[in-house]
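S.K.: could you work out the structure for the sequence below:
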Amino acid sequence: MQLKDVGEFNFIRQIQDNTIYDSSTVVYGIGDDCAVYSAAPDMDQLISTDTMVEGVHFSFHYMMPYDVGHRLMTANLSDIAAMGGTPKQIVLSVAAPRQIDTEILDEIYRGIKAQCQRYNLNILGGDTVRTEGPMVWTVTIIGEVPKGTAVMRSGAQVGDVVGITNYVGYAATGLGALSYNLEGYDMTKIGHQRPDPQIELGKQLRQLGVHSMNDISDGLGSELNEIASASNVSILVEESAIPLHEETYALAKHLQTKPVDYALYGGEDFQLVFTAPKSLVPKLENLAGITLIGEVVTGPPKVEMVTQDRTIKTIEAKGYNHFHES
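M.R.: Numbering: from 1, shown residues only. Predicted coordinates:
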């Protein structure tokens, strides 16, 4: 059945079930002009928003509708993770063409709700409108962090170590394998279709006392440059230390590309990159999923990499850019 046959309000009524996963913070949810939620007095509130456009951020050639919902939520949750916070509430809006099959919308919502349930996150409302163009999904997420403890990009200090969570270049590898219709690459294909945010590691890193943090949505090179610029420092990383999955090396060999480029410029891994005082190194090395890849050094805001042949290469901030003219 198409959306035009169901109607906006009937469809909204259909999706209102299973939207509250932590009722302790909700005064009034879906059903009025605004939702009402309660904020803890000892917490700072975090808020962020992300939009995904069909044909730009996702394609049904490579993703099932459920995956779209999962990935939309991961993009938002990852912003909260980068501050060391806990996600609490979302509002959700969709612009969809009248002729779209409501089963597609139902499956996207199912992916969204699965992530909300996993992270105890409430859906407090939103909007559904018609568009003549591609589908557009927007989530605004609200989180919290103990007062005065949010981890910013601007806190990096000379002498810090630079670390990263899990693998990078993972999602770009999966997308490359899907784009070329290659057999195998099962792990990284899932990494592109259903990436997971690093909520728990983000909180652990905040609690340890890292100085700065950023989520990797536009490529490691771009995110490192954001930290360098915001903190007014130079960052030096080792190419050989950057954690790449074996499937990334395999794809790079098959396509005759550089493995590290998937990490530096691919994006959408939704991992975390951070800087921390050297005194934390023993604790960081004992934390599962953490790799140290470099250090913060004196100099103007820039990022450089020591390559495999021991030359120094400047890493430009050229991850994914919506408005870049190619």
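
S.K.: what about the strands in the stretch 51-200 of the chain?
M.R.: Listed in chain order, the strands of the stretch 51-200 of the chain (DSSP state E, counting those that start in this stretch) span 86-96, 122-130, 136-146, 161-165.

S.K.: including mean neighbour count, distance to H192 and mean pLDDT, could these go into JSON lines?
M.R.: From N, CA and C alone the C-beta is placed, and that goes for glycine too. Below are the strands of the stretch 51-200 of the chain laid out as JSON lines (neighbours: other C-beta atoms under 10 Å; distance: least, C-beta to C-beta, whole Å; pLDDT from 0 to 100):
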{"stretch": "strand 86-96", "mean neighbour count": "22", "distance to H192": "22", "mean pLDDT": "95"}
{"stretch": "strand 122-130", "mean neighbour count": "18", "distance to H192": "25", "mean pLDDT": "90"}
{"stretch": "strand 136-146", "mean neighbour count": "21", "distance to H192": "17", "mean pLDDT": "97"}
{"stretch": "strand 161-165", "mean neighbour count": "24", "distance to H192": "17", "mean pLDDT": "98"}
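
S.K.: so which of the ones you listed gets nearest L72?
M.R.: With C-beta to C-beta as the measure, strand 136-146 is the member of the strands of the stretch 51-200 of the chain nearest L72 (5.4 Å).

S.K.: need the strands of the stretch 51-200 of the chain in a markdown table (columns: distance to K189).
M.R.: Formatted as a markdown table, the strands of the stretch 51-200 of the chain follow (distance: least, C-beta to C-beta, whole Å):
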| stretch | distance to K189 |
| --- | --- |
| strand 86-96 | 26 |
| strand 122-130 | 28 |
| strand 136-146 | 22 |
| strand 161-165 | 20 |
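
S.K.: and of those strands, who's closest to V56?
M.R.: strand 136-146 (9.4 Å).

S.K.: got the angle for the closest one vs strand 86-96?
M.R.: Per axes from the mean of the first three to the mean of the last three C-alpha atoms, to 10 degrees, the angle that strand 136-146 makes with strand 86-96 is 170 degrees.

S.K.: I figured I141 was touching N76, is that so?
M.R.: Yes: between I141 and N76 a contact is recorded at 4.2 Å, counting by C-beta atoms under 8 Å.

S.K.: next, show the common contact partners of those two.
M.R.: Common contacts of I141 and N76 (C-beta atoms under 8 Å, 6 or more residues apart in numbering): 48-50, 87, 90.

S.K.: give me the number of residues near Y249?
M.R.: 14 (other C-beta atoms under 10 Å).

S.K.: all helices for the stretch 151-300 of the chain, in order.
M.R.: Using DSSP state H, counting those that start in this stretch, the helices of the stretch 151-300 of the chain run over 170-179, 186-193, 199-208, 220-231, 246-255, 259-265, 281-285.

S.K.: ok, which of these comes nearest V158?
M.R.: Smallest distance to V158 across the helices of the stretch 151-300 of the chain (C-beta to C-beta): 9.3 Å, for helix 220-231.
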